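Enquirer: Okay, sequence plus prediction incoming.
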Amino acid sequence: MRLVGACVLLAACFGGISEDGGGGDGGMRGPDARIVDVKGILRTWSGCMTLANFQTANMTTAWSTLASSDGKTCQNCHSEGQYSFIATDDETAFYSGISQHSYFMLKYFLVDTANEKVTVNTTSFKTANSAIGHPKFNFTMNAGMTALTSFYNATVANAACGTPTMID
């Protein structure tokens, strides 16, 4: 009986557990439980991104030339999307990467699930800066963050969002 009670409590917190133990609602969802479709929000966001805004924000140059304290640029290790982060001087690959692939997009943007909106993901840069073996860099004040903030603001302001481009 305790196990069933615990399952009901978890269902209320996490959006439901089906009778077979799966993650469906199974009729057990609590009244204030809600499911946020993070991929859906990112997919919609991808349709609001434009290459023109990406270019105007100077994303390619800012991120490909951003240097760590030991002089390594982001591009040295991330030119082809290594470690699920892309920073390259290949504008087409860079823009396609962050507008079509959620794993690249999530390094730059984050879904605020409480408000169901996209924000700049500063946590990913803070985490990279503190990761063992990763070169140190100023993760709050740099040309990349300036470009990212500009690109984010232009994407938010885009009232003519197009068809989503995210493919995964």
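Expert: Now that the structure is in, tell me what you want to look at.
Enquirer: buried stuff in the biggest helix by length in the chain?
Expert: As assigned by DSSP state H, the longest helix anywhere in the chain is helix 143-157. Neighbour counts over helix 143-157 (16 or more other Cβ atoms under 10 Å) mark Gly144, Met145, Ala147, Leu148, Ser150, Phe151, Tyr152, Ala154, Thr155 as buried. Every residue, glycine included, has its C-beta placed from N, CA and C.
Enquirer: helices and strands around that helix, which ones?
Expert: Helices and strands touching helix 143-157, by 3 or more Cβ pairs under 8 Å, 6 or more residues apart in numbering; DSSP states H and E, are helix 38-48, helix 51-56, helix 59-64, strand 117-120.
Enquirer: cutoff 10 Å now
Expert: Packing partners of helix 143-157 (3 or more Cβ pairs under 10 Å, 6 or more residues apart in numbering; DSSP states H and E): helix 38-48, helix 51-56, helix 59-64, helix 91-100, helix 102-108, strand 109-112, strand 117-120, helix 122-130.
Enquirer: quick one, which of these is nearest to Gly71?
Expert: Of all these, helix 59-64 sits nearest to Gly71, with 14.3 Å by Cβ to Cβ.
Enquirer: What number of neighbouring residues does the closest residue to Thr149 other than its chain neighbours come out with?
Expert: Nearest non-adjacent residue to Thr149, counting by Cβ to Cβ, 6 or more residues apart in numbering: Val120, 6.2 Å away. Around Val120 there are 16 other residues, counting by other Cβ atoms under 10 Å.
Enquirer: Can you tell me, leaving aside adjacent residues, what's nearest to the spatially most central residue of the chain?
Expert: For the chain, Leu106 is the residue whose C-alpha lies nearest the centre (Cα atoms, centre = their mean; 1.8 Å). Leaving aside its chain neighbours, Leu106 sits nearest to Asn121 (6.7 Å; criterion: Cβ to Cβ, 6+ apart).
Enquirer: dump the residue contacts of that neighbour.
Expert: Met105, Leu106, Lys107, Tyr108, Phe109, Leu110, Val111, Thr127, Leu148, Tyr152 (Cβ atoms under 10 Å, 6 or more residues apart in numbering).
Enquirer: ok, now Gly97?
Expert: Taking Cβ under 10 Å, 6+ apart, one finds 78, 80-81, 84-88, 90, 103-105, 107-108 in contact with Gly97.
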